[in-house]
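Asks: below is the structure, and that's it, no one-letter string:
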């Protein structure tokens, strides 16, 4: 592009402000959409926004944009993304695609009909330590995998200390909050690493005293061809916060942790053989997502790191977990 791209940030909450700061730092002009004036003003202060609008239709009718970044609650993702696609504008869509597979399929059909690209923001795919994990798995450093454990535990009241967690969309079932949808990052990572499971069983619960109407506990066991078993635990009540993935193979184990930011590999009965430490910061993966989106706007033709189709596969697994939790059954997952 000969001039600075003009990026419309839809949703001026925490992740919207982060994207706005990053795109602005990368030389873009930024405008924003949010129904709350104080949020538009806050984003304008942080990212020097060009303009603010109360809803996406007003923005698209008032100015020209090169890209649209959807950072709103999941229940409005599809309609907002479709509005951008029908205007011929590429979209960076924060995860999940939507609260359910049916509405996500509507967006996929719209994107296909308009032939406008969509990049999906399951941002952990851009995290250097997890990319390194995939390299090590491909190299079979711990032999054939037998069990993988995904674990995410973080008390919701700690996420946005500047606001009441009860007012956060995560507390609302109608807005698409809850552990299963919001923390579907970890489902996406399982599919990114291993593909779709054959079968799964799962439980979705509200266990804690958190004042929310959404789920705060998810446990899933996924069965893969060849005997691999993948377990996944998500909760919104744990302290201290933990994010880790443990891989157990025929020859040893590998452990990725978010804190400390490292990969450990062990093949002996005690201790770790080696540890690879990383100095990257959380915002780095959001910057890399922004850079990939800008390359997409320039038409570089590269395969997206995370596509709309990837998001539909995540929702296929989510729907299977919901069915399993509802009737206590093991569910065969459609490819």
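Replies: Alright, I've got the coordinates. From a predicted model like this one, the values you see are computed outputs, not experimental measurements. Numbering: from 1, shown residues only.
Asks: okay, now the unreliable bits of the stretch 51-200 of the chain?
Replies: In the prediction, the stretch 51-200 of the chain carries no residues with pLDDT under 70.
Asks: what are the ranges of the helices in it?
Replies: Assigned by DSSP state H, counting those that start in this stretch, the helices in the stretch 51-200 of the chain fall at 56-62, 77-86, 101-114, 128-138, 179-182, 185-194.
Asks: got a list of contacts for the third one?
Replies: This means helix 101-114. 77-78, 81-82, 85-86, 88, 96-98, 117-118, 308-309, 311-312, 315-316, 318-319 (CB atoms under 8 Å, 6 or more residues apart in numbering). For glycine as for every other residue, the C-beta is placed from the backbone atoms N, C-alpha and C.
Asks: which of the residues you listed are buried? Put it as a ChimeraX command.
Replies: Provided next is the ChimeraX selection string for whichever of those are buried by 16 or more other CB atoms under 10 Å:
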select :77,78,81,82,85,96,97,98,117,118,308,311,312,315,316,318,319
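Asks: contacting residues for residue 295?
Replies: Residue 295 neighbours (CB under 8 Å, 6+ apart): residue 302.
Asks: what is the subsequent helix or strand relative to the host helix or strand of it?
Replies: Assigned by DSSP states H and E, residue 295 belongs to helix 282-297. As assigned by DSSP H and E, the chain's next helix or strand after helix 282-297 is helix 308-327.
Asks: re the thing from before, quick one: which of the helices of the stretch 51-200 of the chain is nearest residue 5?
Replies: helix 77-86 (14.1 Å; CB to CB).
Asks: so which elements touch the closest one?
Replies: Contact analysis of helix 77-86 by 3 or more CB pairs under 8 Å, 6 or more residues apart in numbering; DSSP states H and E lists strand 6-10, helix 56-62, strand 67-70, strand 91-94, helix 101-114 as its packing neighbours.
Asks: just send those back as JSON lines, with distance to residue 283 too.
Replies: Shown next, in JSON lines, are the helices and strands packed on helix 77-86 (distance: least, CB to CB, whole Å):
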{"stretch": "strand 6-10", "distance to residue 283": "16"}
{"stretch": "helix 56-62", "distance to residue 283": "25"}
{"stretch": "strand 67-70", "distance to residue 283": "15"}
{"stretch": "strand 91-94", "distance to residue 283": "15"}
{"stretch": "helix 101-114", "distance to residue 283": "27"}
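Asks: for residue 262, which of those is the nearest?
Replies: Nearest to residue 262, of the helices and strands packed on helix 77-86 and by CB to CB, is strand 91-94 at 27.2 Å.
Asks: elements contacting the closest one?
Replies: So strand 91-94, by 3+ CB pairs under 8 Å, 6+ apart, packs with strand 67-70, helix 77-86, strand 118-121, helix 282-297.
Asks: deepest of these, which one?
Replies: Burial of the helices and strands packed on strand 91-94 is given as mean neighbour count (mean count of other CB atoms under 10 Å); strand 67-70 ranks first at a mean of 27.
Asks: what lies in contact with that one?
Replies: Applying CB under 8 Å, 6+ apart, the set of residues contacting strand 67-70 is 5-11, 16, 19, 23, 56, 77, 80-81, 84, 89-94, 293-294, 297.
Asks: about what we covered before: closest to residue 236 out of the helices and strands packed on helix 77-86?
Replies: strand 91-94 (18.3 Å).
Asks: partners of that closest one in the sheet?
Replies: In the sheet, strand 91-94 lines up against strand 67-70 (parallel), strand 118-121 (parallel) (DSSP bridges).
Asks: let me see the domain layout of this structure.
Replies: 6-124+285-306, 125-278+315-332 (automatic domain parsing).
Asks: ranking those by burial, who's on top?
Replies: Highest mean neighbour count among these (mean count of other CB under 10 Å): domain 6-124+285-306, a mean of 20.
Asks: ends of that one, what's the gap?
Replies: Domain 6-124+285-306 stretches 22 Å from its first residue to its last (CA to CA, to the nearest Å).
Asks: now swap in stretch 82-98 and tell me
Replies: Taking CA to CA as the criterion, the two ends of stretch 82-98 lie 12 Å apart.
Asks: what about that stretch, distance to the chain center?
Replies: Stretch 82-98 has its average C-alpha position 15 Å from the chain's average C-alpha position, going by CA atoms, centre = their mean, to the nearest Å.
Asks: please apply the same query to stretch 222-241.
Replies: So, by CA atoms, centre = their mean, the centroid of stretch 222-241 is 16 Å from its chain's centroid.
Asks: what about that stretch, how long is it end to end?
Replies: 24 Å.
Asks: next: stretch 44-62.
Replies: Chord length of stretch 44-62, first to last residue, is 17 Å (CA to CA).
Asks: list the contacts of that stretch.
Replies: With CB under 8 Å, 6+ apart as the criterion, stretch 44-62 contacts 6, 8-10, 12, 17, 20-21, 23-24, 29-35, 37, 40-41, 43, 63, 65, 68, 80, 83-84, 87, 89.
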